[in-house]
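Engineer: Fold the following for me, if possible:
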Amino acid sequence: MILKNAIERIPGVECSGNLDIPIRGISYDSRRVQKDDIFIAVKGEKADGFRYIDKAMDAGATAVACERPRPKDFPGAYVRVEDARKFMAEFAHAFYYHPCAGMKLVAITGTKGKTTTAWLIDSIYRRSGLASCIMGTIENRIGDERHASNYTTPEAPDVASFFHQAVQRGCTHGVLEVSSHALHLRRVYGAKFTIGVFTNLSHDHLDFHQDMESYYQAKKMLFGAENGNDLDIAFVNADDPYGRRLADEIDVPVVTYGFHPSADIHVKEWESRLDGTDIVLDTPEGEISFHAQLVGRPNAYNIMAAAGVSLGLGLTREHVRVGIEALAGVPGRMERVDAGQDFLVIVDYAHSPASLENLLETAGQLPHRRIITVFGCGGDRDRTKRPVMGEIAARLSDVVVATSDNPRTEDPAAILREIEPGLKQGRASYKVKPDRRIAIQAALAQAGTGDIVVIAGKGHEPYQIVGGKKLPFDDRTVAREMIRAR
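Structural biologist: Predicted structure coming up:
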């Protein structure tokens, strides 16, 4: 695309140099610049892209966009912008011919439930015969082509490129998870979404957002005109206090869901068992009854959201029933590890206070003798939640083995010392094992008939970040190996 054509409708830019040049790609990392790229000099938490302009030009970039004035003797096309991240999103969508507008896209935000809700919607799409794509925490998928995901929501050029490929391959429907970081950092600015979903809001990511109000305001951006997503309708969890507040504060038409009968979509009957959930929903299109393979009350909310979205897109109640019943599970979300043992082992991604509490409450509702919990807290992240999660684990478990999650650059023992005051408040006996493999082994070694072993925090992740290094480690694989060795 010719640079002049890509920026002609983007406001607030000052251009200099030859704009009649072809741009073949977009880069925001000087190490990945290719010939004829535009390099967008974004200022991050640790590095300022302005310092790498010369490196980007040496690597083949022919244009640069930056918030700072044009450097003296700069040889190429230069675009000075007010907000580099906002410009990056606007330019990316123009460069890829506004791909999101070519599909029915559902964007999901919230602390918990984004991944499972997205997978449920995608299952309904696929069982309805629709060509679909999904972008999220676990993987990015176009049709049956899957790629591992590094971020819940990647940078704007990657978002636009993904959906451009999806449109070119015939996708008509898609779903993506949108993190609060992505909204704050303008990663989905200007992308056209048909439907927005708000699942809930609870204590998490306060190392980034500082307080719950800032966290809420970041989530709210998806539903406001200031982020340019142009939603047709919003589906909001009305049982969540922040959901009720959001429904009152936004101008987009709202459909509510929840257990309370005042919600537009609500549960009439439900029963959760080891093998799944029987549920009857009351919707504007009539009742839907089905047996979902997903377990627990939190998944009832995910099912309500997925059903509402699908009906809102014109699919039938039968499409919803078939699609939801077809989803056997989501990797790392209440995932069972079965290696022939006479006790239940569950691996889950829960890594915030509310998600750990929901997980353990769900486990506690299943038939069991004891709940044995393995969990930790991530390093270089919100420290205030550590004793809170310790208290939750000790209150809702019989035995707790506290261990490392992804300690990153922190000392694992120091993290555990901050968890321990919470552990002392609960009824559970507990052990502290910094080595995660040893902790899982300790939990499994004492498990007996009828126990439930919950391994929380990492879910689908096949690695552990220790000292800044990403090391191979998968809770599911480790648990399976140890059960077989037993």
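
Engineer: sec struct for the residue of the chain most remote from its centre, please.
Structural biologist: Of all residues in the chain, D73 has its C-alpha farthest from the mean position, at 43.4 Å, by C-alpha atoms, centre = their mean. Under DSSP: H, G, I helix; E, B strand; the rest coil, D73 falls in the coil class.

Engineer: Begin at 865, not 1, for the rest of this chat.
Structural biologist: Okay, using 865 as the starting number, the last item reads as D937.

Engineer: For it, give its distance to D918.
Structural biologist: In this structure, D937 and D918 are 11 Å apart, going by C-beta to C-beta, to the nearest Å. C-betas here are computed from N, CA, C, even on glycine.

Engineer: picking that back up, per-residue confidence at the residue farthest from the centre of the chain?
Structural biologist: If you check D937, the pLDDT there is 87.

Engineer: A strand includes V1265, no?
Structural biologist: Yes: checked against three-state DSSP, V1265 lies within a strand.

Engineer: What residues are bridge-paired with V1144?
Structural biologist: V1144 forms beta bridges with E1133, S1153, as assigned by DSSP bridges.

Engineer: Now D1262. Its backbone dihedrals?
Structural biologist: With angles defined as degrees, to the nearest 10, D1262 sits at phi -100, psi -30.

Engineer: Please identify the nearest residue in space to it, excluding sequence neighbours.
Structural biologist: Distances taken as C-beta to C-beta, 6 or more residues apart in numbering put R1234 closest to D1262, at 4.0 Å, once the chain neighbours are dropped.

Engineer: do F1057 as well
Structural biologist: Nearest-residue entry for F1057: A971, 4.3 Å, with adjacent residues in sequence omitted and distances by C-beta to C-beta, 6+ apart.

Engineer: ok, now T1237?
Structural biologist: Spatial nearest neighbour of T1237, chain neighbours left out: S1261 (4.1 Å); criterion: C-beta to C-beta, 6+ apart.

Engineer: got a list of what that neighbour touches?
Structural biologist: L1224, I1235, I1236, T1237, G1290, A1292, V1318 (C-beta atoms under 8 Å, 6 or more residues apart in numbering).

Engineer: go on, L1260?
Structural biologist: Under the criterion of C-beta under 8 Å, 6+ apart, the neighbours of L1260 are E1221, L1224, E1225, G1228, I1235, T1237, G1290.

Engineer: Please repeat the previous calculation with a cut-off of 10 Å.
Structural biologist: 1220-1221, 1223-1228, 1235, 1237, 1290-1292, 1318 (C-beta atoms under 10 Å, 6 or more residues apart in numbering).

Engineer: Turn the buried ones among those into a named PyMOL selection, would you?
Structural biologist: Paste this into PyMOL to select the buried members of the contacts of L1260, with burial taken from 16 or more other C-beta atoms under 10 Å:
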select buried, resi 1220+1221+1223+1224+1226+1227+1235+1237+1290+1292+1318
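
Engineer: The contacts of L1260 in helices, which ones?
Structural biologist: Of the positions in the contacts of L1260, L1220, E1221, L1223, L1224, E1225, T1226, A1227, G1228 sit in helices, assigned by DSSP state H.

Engineer: follow-up on the earlier one: quick one: pLDDT of the residue nearest to T1237?
Structural biologist: S1261 is given a pLDDT of 98.

Engineer: ok, it to I904 distance?
Structural biologist: Here S1261 is placed at a distance of 48 Å from I904 (C-beta to C-beta).
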